[in-house]
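Peer 1: sequence plus the predicted model coming up.
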Amino acid sequence: MINSLIQRLNKKEVNEASSIAIIQPAAIYLLHSVKKEDKQISVSPVVDILPFEPSGWESTLFSALKAKSAQGRVDVILHSGLYQSYQIETPKLPKEEWPVALPFLLKELLTERVTEVVADAFALPTGNKAQAYVVRKFLVMQLVEGLSLIGCSLGRLTTEEEVWGESAGELGDFLLLQRSKGGQFRLSAYQQHQVVFQRTLRGVVAPVTGVASAALQVDSLALELQRSIDYLSSQVKGVSFHQLHVCCDEEQQQELIEALNERLSVKSLALTEEPTESGPILAKTASGLKRIQINLFPAHLKPKKAFFTLTNVVVSWGIAAVLLGAVYGAYSWQLSQLNSELTIVNQERATLTSQKTELNKQLEKHRPSSEKVAAVERLKKEVSAMKGALEVINNYDESQQIGYSGVMRSLSELGRNDISLSSIYVDQANLDLRGLARTASSVPNWVNQFKQEVSLVGRSFEQLNIGRNDDGIVTFELKTKKGQQ
């Protein structure tokens with residue numbers, strides 16, 4: 001997911017470049033967008049072929065861009081003679097730290113010091129290998145300074161292998177035999193548009209066709225190619241290379257393809273249908289390049305933008321002064337509003353204070369004297385005493401008014417020969433009886449007769465004790481329930 005996001009960002013950056021310079025061994029192919037009404041429009045880019053000046057390809061590039069009044073970002077694609085490539089173990093570091101760490105990881109393979117080179121890499125599709133590229137830092141800084149002098153800036157600095165990987169269109173796995181004008185034969189293997197193998201065939205001298213020794217030259221070239229193909233078959237797993245695309249400048253290409261088909265185990269065919277040199281093919285592919293994984297101009301080398309310039313400081317102070325003035329004005333206006341509100345509140349306070357003083361004077365006139373207060377307290381006590389007496393009177397039992405003669409009369413009316421009372425206790429709530437009985441059953445029978453007397457009806461007893469005295473006579477004791485009237 002992260003790789004795809006990086007690729008989309010890379011694509012956007014490439015498409016935003018105003019110019020693309022493709023550096024070849026003998027010339028520069030410069031692509032620049034056509035502008036209309038000061039806006040870049042999506043049209044086919046114009047390609048200029050610039051032979052090198054005696055002062056070198058850098059001066060040729062700067063002069064051409066200045067003559068075109070180019071502005072904006074310039075992407076540069078280097079040919080293989082300007083950089084070195086290595087296959088190394090994949091660094092155990094976050095991808096964003098590779099550009100800084102790679103020079104130190106490659107120091108055993110380099111002749112330059114780590115501070116004199118710039119490196120970048122990408123992980124290969126198979127295994128735990130990474131393809132690394134190294135370029136001299138002096139070359140990078142020379143491009144940065146030269147472009148800035150003519151009003152341009154360096155965008156991405158990448159290698160031609162990145163472009164050749166997309167040159168076969170939709171085909172992602174293929175072999176490529178390529179030679180640019182003024183360069184050497186190179187064999188590259190691509191898997192998923194990424195280079196996984198490359199070799200410079202130094203023992204083969206161009207041209208290999210159209211000369212008297214063509215057969216020997218082709219034999220030598222085919223021998224080197226077959227060795228590399230056999231090596232790839234044993235080392236690169238998960239992919240089979242069956243096609244060898246050929247793009248060799250200054251050669252009779254069809255004759256070379258036929259000769260290679262007779263000698264190699266893979267099929268050889270032209271990279272493009274029409275005979276075209278390497279430079280125009282690179283230019284066409286670069287103009288529609290969808291992804292670039294190598295950037296030899298990392299972020300830590302890009303010029304840092306100076307924020308604390310005199311102009312920025314003056315503008316900042318001016319903005320700060322305006323803001324302070326605005327804040328001061330706002331607080332001043334708010335203070336004036338608060339002062340007005342305070343004046344109104346003070347006036348209301350004075351009015352209320354005057355009203356309070358007047359009301360206090362009136363209160364003093366209506367405040368009772370101490371004699372009246374004492375008299376009221378005495379009257380309250382008298383009323384309280386009267387209320388207590390009234391409650392006692394209300395609670396007085398009416399039965400007290402009629403006495404207990406009715407109870408005594410009723411008991412005498414119910415007198416029996418088998419019952420003899422020895423003790424009678426009667427009050428407002430209780431009626432306790434004690435006496436002798438002929439038999440134990442005589443007591444309940446006698447109590448049941450209480451229903452016939454008005455003074456005794458409704459009375460019930462809580463406790464009945466029946467026993468015998470020392471003479472063997474039955475004794476009984478009746479106690480009324482508490483609360484009975």
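Peer 2: Good, I have the coordinates.
Peer 1: is V134 in contact with Q84, as I believe?
Peer 2: Yes. Counting by CB atoms under 8 Å, Q84 is a contact partner of V134 at 4.6 Å. Where C-beta positions appear, they are placed from N, C-alpha and C, glycine not excepted.
Peer 1: find the residues that touch each one of these two.
Peer 2: Jointly contacting V134 and Q84 under the rule CB atoms under 8 Å, 6 or more residues apart in numbering are L110.
Peer 1: tell me how far A222 lies from L177.
Peer 2: A222 is 10 Å from L177, where distance means CB to CB, to the nearest Å.
Peer 1: what is in contact with the two at once?
Peer 2: With CB under 8 Å, 6+ apart as the test, A222 and L177 both reach L260.
Peer 1: compare these two (neighbour count), which wins?
Peer 2: L177 (23 against 19; other CB atoms under 10 Å).
Peer 1: which residues of the stretch 201-350 of the chain score low on pLDDT?
Peer 2: For the stretch 201-350 of the chain, residues meeting the criterion pLDDT under 70 lie at 305-307.
Peer 1: can you pull out the helices in it?
Peer 2: Here the stretch 201-350 of the chain has its helices, by DSSP state H, counting those that start in this stretch, at 214-235, 253-263, 278-287, 310-366.
Peer 1: what bridges to L431?
Peer 2: Counting by DSSP bridges, L431 is bridged to V426.
Peer 1: so who does it touch?
Peer 2: Applying CB under 8 Å, 6+ apart, the residues contacting L431 are V407, I424, Y425, L456, R459, L478, T480, Q484.
Peer 1: with L221 instead?
Peer 2: Residues in contact with L221 (CB under 8 Å, 6+ apart) are F185, L201, V204, V208, L260.
Peer 1: skipping adjacent residues, who's closest to the last one in space?
Peer 2: Pointing back at L260 there. In this structure, L260 finds its nearest non-sequential neighbour in S268, 4.2 Å apart by CB to CB, 6 or more residues apart in numbering.
Peer 1: that neighbour - how many residues pack around it?
Peer 2: Neighbour tally, S268, other CB under 10 Å: 21.
Peer 1: surely it is in contact with E255?
Peer 2: No. Look at S268 against E255 with CB under 8 Å: they stay out of range, at 11.4 Å.
Peer 1: buried residues, stretch 111-131. List them.
Peer 2: If you call a residue buried by 16 or more other CB atoms under 10 Å, then stretch 111-131 has these buried ones: V117, V118, A119, D120, A121, F122, A123, L124, P125, A130, Q131.
Peer 1: in strands, which of those appear?
Peer 2: Counting by DSSP state E, the part of the buried residues of stretch 111-131 found in strands is V117, V118, A119, D120, A121, F122, A123, A130, Q131.
Peer 1: could you give the bridge partners of the fifth one?
Peer 2: The residues paired with A121 through beta bridges, assigned by DSSP bridges, are A132.
Peer 1: if the residue nearest to L260 is in a bridge, with which residues?
Peer 2: Per DSSP bridges, the residues bridged to S268 are L244.
Peer 1: if I look at it, how far off is T209?
Peer 2: For S268, the distance to T209 equals 13 Å [CB to CB].
Peer 1: now V376
Peer 2: 140 Å.
Peer 1: so for the two, which sits in the more crowded spot?
Peer 2: T209 (21 against 11).
Peer 1: wait, the more buried one touches Q254, no?
Peer 2: No. Here T209 lies out of contact with Q254, judged by CB under 8 Å, at a distance of 9.2 Å.
Peer 1: residues making contact with stretch 58-75?
Peer 2: Under the contact criterion CB under 8 Å, 6+ apart, stretch 58-75 has outside partners 14, 16-21, 23, 28, 30, 32, 48, 50-53, 76, 142-143, 146-147, 149-158.
Peer 1: buried members of those into PyMOL, please.
Peer 2: For the buried members of those, the matching PyMOL selection, counting by 16+ other CB under 10 Å, is:
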select buried, resi 14+17+18+19+20+21+23+28+30+32+48+50+52+76+143+146+147+150+152+154+155+156+157+158
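Peer 1: quick one: stretch 427-438 to chain centroid distance?
Peer 2: 96 Å (CA atoms, centre = their mean, to the nearest Å).
Peer 1: end to end on it, go ahead and measure it.
Peer 2: The straight-line separation of the ends of stretch 427-438 (CA to CA, to the nearest Å) is 28 Å.
Peer 1: what about the stretch 351-485 of the chain, any weak spots by pLDDT?
Peer 2: Residues of the stretch 351-485 of the chain that meet the criterion pLDDT under 70 lie in 394-403, 481-485.
Peer 1: can you check the stretch 1-150 of the chain too?
Peer 2: For the stretch 1-150 of the chain, applying pLDDT under 70 flags the ranges 1-17, 33-45, 127.
Peer 1: so which residues of it form helices?
Peer 2: Secondary structure of the stretch 1-150 of the chain by DSSP H, counting those that start in this stretch: the helices cover 2-16, 57-67, 98-105, 137-149.
Peer 1: tell me the domain ranges of this structure?
Peer 2: Annotated domains of the chain cover 1-167+272-304, 174-270, 310-394, 403-480 [automatic domain parsing].
Peer 1: G467 touches T475, doesn't it?
Peer 2: Yes. Using CB under 8 Å, G467 is in contact with T475, at 5.2 Å.
Peer 1: higher neighbour count, the two?
Peer 2: Ranked by neighbour count (other CB under 10 Å), G467 and T475 place T475 first, with 17 against 10.
Peer 1: thought I466 was touching that one, still the case?
Peer 2: Yes. Using CB under 8 Å, T475 is in contact with I466, at 7.2 Å.
Peer 1: overlap in contacts, the two.
Peer 2: Shared contacts of T475 and I466 (CB under 8 Å, 6+ apart): A437.
Peer 1: quick one, what contacts the residue lying closest to R263 once chain neighbours are set aside?
Peer 2: Closest residue to R263 apart from its sequence neighbours, by CB to CB, 6+ apart: A222 at 3.8 Å. Applying CB under 8 Å, 6+ apart, we find A222 in contact with A259, L260, R263, L264.
Peer 1: go on, K129?
Peer 2: Contacts of K129 by CB under 8 Å, 6+ apart are Q87, I88, E89, T90, A123.
Peer 1: how close does it get to I292?
Peer 2: Taking CB to CB, one finds K129 at 20 Å from I292.
Peer 1: also A26?
Peer 2: In this view, A26 and I292 are 24 Å apart by CB to CB.
Peer 1: these two: which is more packed in?
Peer 2: I292 (22 against 16).
Peer 1: these two touch, right, that one and E162?
Peer 2: Yes. Between I292 and E162 there is a contact at 5.5 Å, judged by CB under 8 Å.
Peer 1: quick revisit: and the helices of the stretch 201-350 of the chain: which comes nearest S442?
Peer 2: S442 lies closest to helix 310-366 among those, at 81.0 Å (CB to CB).
Peer 1: helix or strand next in line after that closest one, which one?
Peer 2: As assigned by DSSP states H and E, the chain's next helix or strand after helix 310-366 is helix 370-394.
Peer 1: partner residues bridging V46?
Peer 2: H32.
Peer 1: and it, how many residues sit next to it?
Peer 2: Here the number of neighbours of V46 (other CB under 10 Å) works out to 11.
Peer 1: nearest to E96, out of the helices of the stretch 201-350 of the chain?
Peer 2: With CB to CB as the criterion, E96 lies closest to helix 278-287 of the helices of the stretch 201-350 of the chain, at 25.3 Å.
Peer 1: in contact with the residue nearest to L260, which residues?
Peer 2: S268 touches L177, Q243, L244, H245, V246, I257, L260, N261, counting by CB under 8 Å, 6+ apart.
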